[in-house]
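[1] kindly generate the corresponding structure for this input.
(chains A, B, C and D)
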Protein chains: 4
Amino acid sequence: MSPIDYSQVPTPARCYADFCLVPIGTGNVSVASEVAEVQKLLKASGLSCTMHSAGTTVEGSWDEVMKVIGQAHSVVHQTGVVRVQTAMRVGTRTDKAQTAEEKVKRVEELLRKDGQSS
Amino acid sequence: MSPIDYSQVPTPARCYADFCLVPIGTGNVSVASEVAEVQKLLKASGLSCTMHSAGTTVEGSWDEVMKVIGQAHSVVHQTGVVRVQTAMRVGTRTDKAQTAEEKVKRVEELLRKDGQSS
Amino acid sequence: MSPIDYSQVPTPARCYADFCLVPIGTGNVSVASEVAEVQKLLKASGLSCTMHSAGTTVEGSWDEVMKVIGQAHSVVHQTGVVRVQTAMRVGTRTDKAQTAEEKVKRVEELLRKDGQSS
Amino acid sequence: MSPIDYSQVPTPARCYADFCLVPIGTGNVSVASEVAEVQKLLKASGLSCTMHSAGTTVEGSWDEVMKVIGQAHSVVHQTGVVRVQTAMRVGTRTDKAQTAEEKVKRVEELLRKDGQSS
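    As a prediction, this is how the structure comes out:
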């Protein structure tokens, strides 16, 4: 394999990231206010976002998505939280641009065909 | 601190786990059929489950939830997949039993009060 | 496909889990004391464990590994922490029993062959 | 609370990310060659990195760290892999710059004091 100039490698044009941010050391068991703050930031970003009970899925270019999650850390730090931890799953694919919604539909279709979906 | 007999420590009576299972080495880019197989297993378990585009959230006792996710690996292996990887976020709390649905509502309430929710 | 009796599906005989446990709502930024408590529990379990800066990797049967991580939540709750969250990556494979150590060696070998390892 | 201009929020100056990248749909059970490719990219980045059996920990500014992980996806796509998934844990703190190595030492110290470390 010929040598690669790694500094020139681009980041993916499209990705999804599902993340769950946790503030540490707040003395407050509820994280709802931090989550709400992050939701406002995400909304302002204009990226496609879906909140669920265990996190939020964001879609966009790699750089946009990672920027907004980094900003989410900063927004939570600005409320006085000293330490923030995020668990994230990120996916990229080169064959097609499949939205989050389409992925769920595809599975539901398979379940329907199988006569198992209620 | 007095010594603890660690073998007697119980596992939590209640937890939620949000997981995303990935088959490796299948030669098939789509994972929808594996995900559908896992959804049928989850349904048969009787546990409360919510599928979203980046995973599935299961609620129940620690032992029940972990058992069904382990069975999910086995079910996917039984379809011929040699390697399976799961990313998981698990949460437990001792103060109250808050369902996945209630968590989302709590954040939406905060956003509404703030006049930001559309 | 013939119907599967899902209740009879076994959990995997072998897995590795890499996990990072976070206490929420403690008012204490450092999590080192909770991590130390968990390390003692893991040691007492007799399972093969490797601690690194971003988590701990445990190897054993699915049931043993998940039991000890559940007990880790309980041990941290017993110190007064109301909410505990864990991020975990779990892997199973049916072709061979490769230890954590062997996986790292395999990559290092590839890098050496490529003349890139220092 | 006064409105925040979210577009002006910076990303954190420092973070650690522990990530595990998985190629999907390759027909190859081993991921060692993809992992080796990513290690070369990481080395070329100049960021502080530690590989372990369940992933790699990278330290640096949020933007640098996320850029190199995005490039890792691209490098693996360039080898012909259509779909890539990464599980990641990211942490930021505003009180001190603690390296990965220091975190492990802190826990080992606590275990030693407790007379439990062998």
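
[2] switch to C-alpha atoms for all contacts and neighbour counts from now on
    Noted.

[3] ok, A:Asp114 - how many residues close by?
    Residue neighbour count, defined by other CA atoms under 10 Å in any protein chain shown, stands at 13 for A:Asp114.

[4] how far away is it from chain B?
    Plainly put, A:Asp114 is 9 Å away from chain B if you go by CA to the nearest CA, to the nearest Å.

[5] against D:Thr86, how distant is that residue?
    Taking CA to CA, to the nearest Å as the measure, A:Asp114 falls 30 Å from D:Thr86.

[6] ok, now A:Gly46?
    A:Gly46 sits 24 Å away from D:Thr86, taking CA to CA as the criterion.

[7] who's more crowded, the two?
    D:Thr86 (21 against 9).

[8] and the lowest-mean-pLDDT helix or strand in chain A, which residues are buried?
    Least confident helix or strand, chain A: helix A:100-113 with a mean of 81, by mean pLDDT, DSSP states H and E. Across helix A:100-113, burial judged by 16 or more other CA atoms under 10 Å in any protein chain shown covers A:100, A:103-104, A:106-108, A:110-111.

[9] dihedrals phi and psi, A:Gly91?
    With angles defined as degrees, to the nearest 10, A:Gly91 sits at phi -130, psi 140.

[10] quick check: pLDDT value at it.
    We have a pLDDT of 97 for A:Gly91.

[11] now it: closest residue in space that isn't a chain neighbour?
    Sequence neighbours aside, D:Gln85 is the residue nearest to A:Gly91 in space, at 4.4 Å (criterion: CA to CA, 6 or more residues apart in numbering or on different chains).

[12] ok, the least confident helix or strand of chain A near chain C or not?
    No. Helix A:100-113 lies out of reach of chain C by CA under 8 Å from any CA of the partner chain, never closer than 12.3 Å.

[13] what are the contacting residues of that helix?
    Helix A:100-113 has contacts (CA atoms under 8 Å, 6 or more residues apart in numbering or on different chains) with A:16, A:117, B:32-33, B:35-36, B:40, B:51-54.

[14] most widely separated two among these?
    The largest separation in the contacts of helix A:100-113, counting by CA to CA, is between A:Tyr16 and A:Ser117 at 26.5 Å.

[15] more neighbours, the two?
    Higher neighbour count among A:Tyr16 and A:Ser117: A:Tyr16, with 26 against 13, using other CA under 10 Å.

[16] does the strand or helix carrying the more buried one reach chain C?
    If you go by DSSP states H and E, A:Tyr16 is part of strand A:15-24. Yes. Contact between strand A:15-24 and chain C, assessed by CA under 8 Å from any CA, occurs at A:22-24.

[17] relative to strand A:15-24, how tilted is the helix ranked longest in chain A?
    Selection of the longest helix in chain A by residue count, based on DSSP state H, yields helix A:62-78. Between helix A:62-78 and strand A:15-24, the angle comes out at 10 degrees (axes from the mean of the first three to the mean of the last three CA atoms, to 10 degrees).

[18] among the contacts of helix A:100-113, which are in helices?
    B:32-33, B:35-36, B:40.

[19] what's the closest of those residues to chain C?
    For those, the minimum distance to chain C (CA to the nearest CA) is 8.7 Å, reached by B:Lys40.

[20] check what pLDDT the closest one gets.
    pLDDT, B:Lys40: 93.

[21] which residues does the residue nearest to A:Ala13 when sequence neighbours are not counted contact?
    Closest residue in space to A:Ala13, ignoring its immediate chain neighbours: A:Ser61 at 4.7 Å, by CA to CA, 6+ apart. Contact analysis of A:Ser61 by CA under 8 Å, 6+ apart lists A:12-15.

[22] burial of the residue in chain A positioned nearest to chain C, as a residue count?
    Going by CA to the nearest CA, chain C is nearest to A:Gly27 of chain A, at 3.6 Å. For A:Gly27, the neighbour count with other CA under 10 Å is 15.

[23] thinking again about what came up before, now the residue nearest to A:Ala13: phi and psi?
    phi -70, psi 160.

[24] for B:Lys113, see how far away it is.
    Using CA to CA, A:Ser61 is found at 31 Å from B:Lys113.

[25] A:Thr99 too?
    From A:Thr99 to B:Lys113 the distance is 31 Å (CA to CA).

[26] could you do A:Lys113 as well?
    From A:Lys113 across to B:Lys113, the span is 43 Å (CA to CA).

[27] in stretch A:36-56, what counts as buried?
    Within stretch A:36-56, the residues that count as buried by 16+ other CA under 10 Å are A:36-42, A:45, A:49-56.

[28] so is that stretch next to chain C?
    No. Stretch A:36-56 is not in contact with chain C by CA under 8 Å from any CA; minimum separation 10.9 Å.

[29] using CSV, write out the CA atom coordinates for that stretch.
    The C-alpha coordinates for stretch A:36-56 follow below in CSV (Å, rounded to 0.1, in the frame of the first residue of the first chain):
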residue,chain,number,x,y,z
ALA,A,36,-33.2,20.6,28.3
GLU,A,37,-30.3,23.1,27.9
VAL,A,38,-28.7,20.8,25.3
GLN,A,39,-31.9,20.3,23.5
LYS,A,40,-32.1,24.1,23.0
LEU,A,41,-28.6,24.2,21.6
LEU,A,42,-29.4,21.3,19.2
LYS,A,43,-32.5,23.0,18.0
ALA,A,44,-30.5,26.2,17.3
SER,A,45,-28.0,24.2,15.3
GLY,A,46,-30.6,23.4,12.6
LEU,A,47,-29.4,19.7,12.5
SER,A,48,-32.0,16.9,12.4
CYS,A,49,-32.4,15.6,16.0
THR,A,50,-34.5,13.0,17.7
MET,A,51,-34.6,12.8,21.5
HIS,A,52,-35.5,9.5,23.1
SER,A,53,-35.4,8.3,26.7
ALA,A,54,-31.8,7.2,26.6
GLY,A,55,-30.2,9.9,24.5
THR,A,56,-30.5,12.0,21.3
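
[30] and that stretch, anywhere near chain B?
    Yes. With CA under 8 Å from any CA as the criterion, chain B is reached by stretch A:36-56 at A:36, A:40, A:51-54.

[31] that stretch near chain D anywhere?
    Yes. Interface with chain D: stretch A:36-56 contributes A:41, A:44-45 (CA under 8 Å from any CA).

[32] got TSV for those, with distance to C:Ser7 too?
    Shown next, in TSV, are the residues of stretch A:36-56 next to chain D (distance: CA to CA, whole Å):
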residue	distance to C:Ser7
A:Leu41	44
A:Ala44	46
A:Ser45	45
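
[33] where in chain A is pLDDT low?
    Low-confidence segments of chain A, defined by pLDDT under 70: A:1-3, A:116-118.

[34] quick one, phi psi at A:Arg83?
    The phi/psi pair for A:Arg83 (degrees, to the nearest 10) is phi -140, psi 130.

[35] so it makes contact with A:Ser74?
    No. Taking contacts as CA atoms under 8 Å, A:Arg83 lies outside contact range of A:Ser74: 10.2 Å.

[36] what is in contact with the two at once?
    By CA under 8 Å, 6+ apart, no residue touches both A:Arg83 and A:Ser74.

[37] ok, A:His52 - contacts?
    Going by CA under 8 Å, 6+ apart, the list of residues near A:His52 reads B:52, B:104.
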